[in-house]
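Undergrad: Could you look at this predicted model? Sequence included:
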Amino acid sequence: LAALTALGLTRPAAGNDPFETLAGWRIWSASRQFALLEVAGERRDVEVHARGHQRFAMHLKGGIRDYTLINVDGGTITYESEGHRARAVVVKGSKGLTVFLNGNAFPVSLPDALSADEEAAGAGDQLVAPMPGLVKVLTAKAGDTVSKEQPLVILEAMKMEHTLKAPRDGVIGEVLVSEGEQVTDGTILLALAEEESDAAA
């Protein structure tokens, strides 16, 4: 429920347009979105497949589970999963949200995926995907000379575009992905060639 709320998939349909009920649905392929959550100090990437008509397949730690949203009234969500119907209340805060379910409160943080992770993405000689996403734009190819902080990759994740930049001045040794490719957290997108001083050493 936290993942669906973070991705904006729990908003009730407005009007009678049947397409309004297809949250996250795409005409040519299954919609895959990722929500980055932090629960009890642990970061989790939750993959969500929208199946239309408020039905979702959630990739969780215990495997894939199906969820159907029966009714959404403000923050109160009635849903069905694995044949069981339940009701929860989701309250949004400035840095996250809390899910109230069965008398328990579950606080969930929504970390900035481009804070510490973005620094790690541009460390050393490699550009690494800081989160799962779609490679939307590649601005350089193998053999190109680039300067530090030059935008090289635009990664689409969590309904936002994230620009990943060159970690240092250098020459691109190899590009390991292509535009339109779906990548996972930690995928090496491209690598810079060794610097001459390093090669000599």
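TA: The structure has been received and is ready for your questions. Numbering: from 1, shown residues only.

Undergrad: Now do the contacts for the residue nearest in space to the middle of the chain.
TA: Centroid check for the chain by C-alpha atoms, centre = their mean gives residue 34 as the closest residue, at 3.4 Å. Neighbouring residues of residue 34 by C-beta atoms under 8 Å, 6 or more residues apart in numbering: 45-48, 131-133, 157-158. For glycine as for every other residue, the C-beta is placed from the backbone atoms N, C-alpha and C.

Undergrad: For these, which single residue is the most surrounded?
TA: For the contacts of residue 34, neighbours were counted using other C-beta atoms under 10 Å, and residue 133 has the most, 26 neighbours in all.

Undergrad: Who does it form a beta bridge with?
TA: Beta-bridge partners recorded for residue 133 (DSSP bridges): residue 183.

Undergrad: Surely it and residue 160 touch.
TA: No: applying C-beta atoms under 8 Å, one finds residue 133 not in contact with residue 160, separated by 9.1 Å.

Undergrad: gap between residue 187 and residue 81?
TA: With the distance defined as C-beta to C-beta, to the nearest Å, residue 187 ends up 30 Å from residue 81.

Undergrad: neighbour count winner among those two?
TA: More neighbours surround residue 187 than the other of residue 187 and residue 81, with 19 against 14 (other C-beta under 10 Å).

Undergrad: Now that one. Nearest residue, chain neighbours left out?
TA: For residue 187, ignoring the flanking residues on the chain, the nearest one in space by C-beta to C-beta, 6 or more residues apart in numbering is residue 129 at 4.4 Å.

Undergrad: And for residue 5?
TA: residue 90 (5.1 Å).

Undergrad: any idea whether residue 4 is helix, strand or coil?
TA: With DSSP: H, G, I helix; E, B strand; the rest coil as the basis, residue 4 sits in helix.

Undergrad: Hmm, residue 69 and it touching each other?
TA: Yes: assessed by C-beta under 8 Å, residue 4 is found in contact with residue 69 at 7.5 Å.

Undergrad: Give me the contact list for stretch 82-102.
TA: For stretch 82-102, using C-beta under 8 Å, 6+ apart, the contacting residues are 1-2, 5-6, 10, 38, 65-66, 70, 75-80, 105-110.
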